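**Student:** whatever this is, show me its structure:
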Amino acid sequence: MANRTDGDPAVVTAPARRTGPGAGDPDADLRRLVAADLRRHPRVAYQGLFGDPDAAHQLATSLPPMPPFRQAYAGALSVVDWDHRLPSRALVLRIFAYYGADTLAAGQEAFDDRLEEIGRRDRFPEFDVPDFDHLAADEAYEVELGIGADVGRCRLTSAWRREIAIPDGASAVEITRGSAEFKRLSPLLPSRPTHLGGLEAVSWTPPCESQHAVWTLDVWYLLAFDGRIGTGRSFLVDPAAKAVVAVRDFSVRAG
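**Tutor:** Below you'll find the predicted structure:
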């Protein structure tokens, strides 16, 4: 389907049953919804970017897997957004996904309102206009895009990713504590200051960020903190498999 800046959102007509994080029908993957309905910011459309009739399909096939969290998608809004430059140098694909008809309708209304606001302010090309950031959604993603449609980093921007139920967090911590990957840190533990605390589940991580097949919980273990920057190990836990599937270093800045 050709790109557009208005119209109805893509809809999943047969929601998949889910039994846990990352489970479900592959047909409900967000890539299917991007291919069905890819919109463009008016300033992107003016420049003729992503205007080919096959652009939506080609972009969708370039994206990493994007399965839903714990509910099947009722629909999604996908828009290639402007970088506030003319000519544009880099763009962003914003994907707003919805679990139910009510939130989908609210998302469509918010999109239409933003589009009208852009239209009111889009008087002269040199004047800046709003983009489509911060629309309400059950899941929201940003994907870096090059002008030539090359896909860069994909990240979940929904604030709820850090809202972890106590049982989920406790289970992920215990899985990490019992893992061989965590036990390999034992030579470092005698010199580790006790005030750094213990293992902490900090965030849900989607497959597009982790390259793992299902949603995981990110568990942090701080190893050093100089008052400004903390460093440590991040353990990605697959709750269903009850296993650590990846380990990486992290750094975080205070404040």
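
**Student:** give the residue farthest from the middle of this protein.
**Tutor:** Pro190 (37.4 Å; C-alpha atoms, centre = their mean).

**Student:** which stretches of the stretch 101-250 of the chain form strands?
**Tutor:** Secondary structure of the stretch 101-250 of the chain (DSSP state E, counting those that start in this stretch): strands located at 139-146, 151-156, 200-205, 216-225, 229-238, 243-253.

**Student:** give me whichever of these is most buried.
**Tutor:** strand 216-225 (a mean of 21; mean count of other C-beta atoms under 10 Å). Glycine gets a C-beta too; all of them are placed from N, C-alpha and C.

**Student:** circling back to that earlier point, of all the strands of the stretch 101-250 of the chain, which lies closest to Ile175?
**Tutor:** Minimum separation from Ile175 across the strands of the stretch 101-250 of the chain (C-beta to C-beta) falls at strand 229-238, 5.1 Å.

**Student:** the closest one pairs with which strands, parallel or anti?
**Tutor:** strand 216-225 (antiparallel), strand 243-253 (antiparallel) (DSSP bridges).

**Student:** now render these as CSV, adding distance to Trp204 and mean pLDDT.
**Tutor:** Below are the strands paired with strand 229-238 laid out as CSV (distance: least, C-beta to C-beta, whole Å; pLDDT from 0 to 100):
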stretch, distance to Trp204, mean pLDDT
strand 216-225, 6, 92
strand 243-253, 14, 91
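
**Student:** make JSON lines out of these and add distance to Leu104.
**Tutor:** Formatted as JSON lines, those follow (distance: least, C-beta to C-beta, whole Å):
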{"stretch": "strand 216-225", "distance to Leu104": "27"}
{"stretch": "strand 243-253", "distance to Leu104": "32"}
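
**Student:** would you map out the domains in this structure?
**Tutor:** Domain assignment for the chain by automatic domain parsing gives 10-157, 162-253.

**Student:** now tell me which of the ones you listed the model trusts least on average.
**Tutor:** Ranked by mean pLDDT, the domains of the chain bottom out at domain 10-157, which scores a mean of 87.

**Student:** could you check how far that one is from the centre of its chain?
**Tutor:** Relative to the centre of its chain, domain 10-157 is centred 11 Å away, using C-alpha atoms, centre = their mean, to the nearest Å.

**Student:** please apply the same query to stretch 190-202.
**Tutor:** So, by C-alpha atoms, centre = their mean, the centroid of stretch 190-202 is 28 Å from its chain's centroid.

**Student:** run through who's touching that stretch.
**Tutor:** Residues outside stretch 190-202 that contact it (C-beta atoms under 8 Å, 6 or more residues apart in numbering) are 162, 164, 168-170, 172-173, 176-177, 182, 217-225, 230, 235, 237.
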